[in-house]
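Engineer: Here is the input, now give the coordinates:
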Amino acid sequence: MKTSRRTFLKTGALAAAGVAVLRQPVFGSGIVARTVGVQLYSVRDDMAKDPLGSLKQIADMGYVHLEHASYVNRKFYGWSATEFKKVLDDLGLKMVSGHTVMGPQHWDVTKKDFTDEWKYTVEDAAVLQQKYVVSPWMDESMRNSYDNLRQYMDVFNKCGELCIKSGMKYGYHNHDFEFSQKLNDEKVFDIIMKNIDPNLVVVQLDIGNMYNAGAKALDVINQYPGRFENIHVKDEIKAPAGSESEYESCILGEGVINCREVVDLATKIGGTTCYIIEQESYQGKTPMECIKADLAVMKKWGY
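Structural biologist: Numbering: from 1, shown residues only. Coordinates of the predicted model:
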């Protein structure tokens, strides 16, 4: 049975409950430093079966930067932070970013502080020398009213402060509900953008996910220029009948997103310097074949 990213994140979040614009790095020549990586959820089954062998394959493809999607009981794919850092170092890989859902259980309302569980999350991310700690989902209870969402945006800003202390940035990654759900007649995405401090919180714009809500990345980047230093590069095609969503991801350049135009615009006016490839559906190819093809496309586009 195919598990969607949405279902994976919801399940993971429940399991966890049970247990001024940021400056861009510039070289002396004036050229902005760019980072192209891959979200390891793209090869989730491979990573579950053979994480070390999978990472070796990814390194052999030419990837250097990664974004993880597995952190459970202070372990990344079964390794402690220190162990995982050594594995990555040995393969010449760098964990630039990581996805770990921050939920209501990570904020102690009475103490007005993060729980130890979330503090460990940030601490372990720092061991990996991540640049970004990204929450890729927002529990329904955090957005069931306008006031609740505003309250959690304050928590997001506090998390940004926490991450900055360890030399990192906190980020939030969108799906589609941010564009389809409204509170007080305002899109959730717009409420987020208006209430987070861009000096503290990065919005990791997934240019594909929003398409299922009828939103277009080009419009969003034009609406909020300079706000998207970290993006998920993803293309979309019509999903088979009976699928959870109308569209599913595919190899870059083969779908309806017009990815190159979006990526170029994000680079030109969006402030983008970090490009994370993610593909969750494969149309008969293997996940490894797909992310290899995706990297080749990005290189062809000059990234």
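Engineer: Buried ones in the one helix or strand residue 236 maps to, by neighbour count?
Structural biologist: When secondary structure is defined by DSSP states H and E, residue 236 falls within strand 235-238. Under the neighbour-count criterion of 16 or more other CB atoms under 10 Å, strand 235-238 has 235, 236, 237 buried. The C-beta positions use only the backbone N, C-alpha and C, and glycine is treated the same way.
Engineer: Which secondary structure elements does the helix or strand following that strand sit against?
Structural biologist: Sequence order places strand 247-250 as the next helix or strand after strand 235-238, per DSSP H and E. The contact analysis (3 or more CB pairs under 8 Å, 6 or more residues apart in numbering; DSSP states H and E) places strand 247-250 against strand 235-238.
Engineer: which other helices and strands contact the strand it packs on?
Structural biologist: Using 3+ CB pairs under 8 Å, 6+ apart, strand 235-238 sits against strand 247-250.
Engineer: ok, longest helix in this structure?
Structural biologist: What stands out as the longest helix in the chain, according to DSSP state H, is helix 146-164.
Engineer: got a list of contacts for that helix?
Structural biologist: Contacting residues not belonging to helix 146-164 are listed as 102, 107, 114, 118-119, 122, 125, 133, 138, 141-143, 169-170, 172, 183-184, 186, 188, 191-192, 195-197, 199-201 [CB atoms under 8 Å, 6 or more residues apart in numbering].
Engineer: Restrict the strand holding residue 236 to CA atoms and write it as CSV.
Structural biologist: In CSV, the C-alpha atoms belonging to strand 235-238 read as follows (Å, rounded to 0.1, in the frame of the first residue of the first chain):
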residue,chain,number,x,y,z
ASP,A,235,6.9,18.7,-10.2
GLU,A,236,3.3,17.3,-10.4
ILE,A,237,1.2,15.3,-12.8
LYS,A,238,-2.3,14.0,-12.7
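Engineer: quick one, helices of the stretch 201-303 of the chain?
Structural biologist: Secondary structure of the stretch 201-303 of the chain (DSSP state H, counting those that start in this stretch): helices located at 217-223, 259-269, 287-300.
Engineer: among those helices, which is nearest residue 71?
Structural biologist: Closest to residue 71 of the helices of the stretch 201-303 of the chain, according to CB to CB: helix 287-300, at 20.1 Å.
Engineer: And residue 36, how far from residue 294?
Structural biologist: If you measure residue 36 against residue 294 using CB to CB, to the nearest Å, the figure is 10 Å.
Engineer: got any residues that touch both of the two?
Structural biologist: The contact lists of residue 36 and residue 294 share residue 277, where a contact means CB under 8 Å, 6+ apart.
Engineer: how about the helices in the stretch 1-150 of the chain?
Structural biologist: Counting by DSSP H, counting those that start in this stretch, one finds helices in the stretch 1-150 of the chain at the ranges 5-18, 44-49, 51-61, 81-91, 116-127, 146-164.
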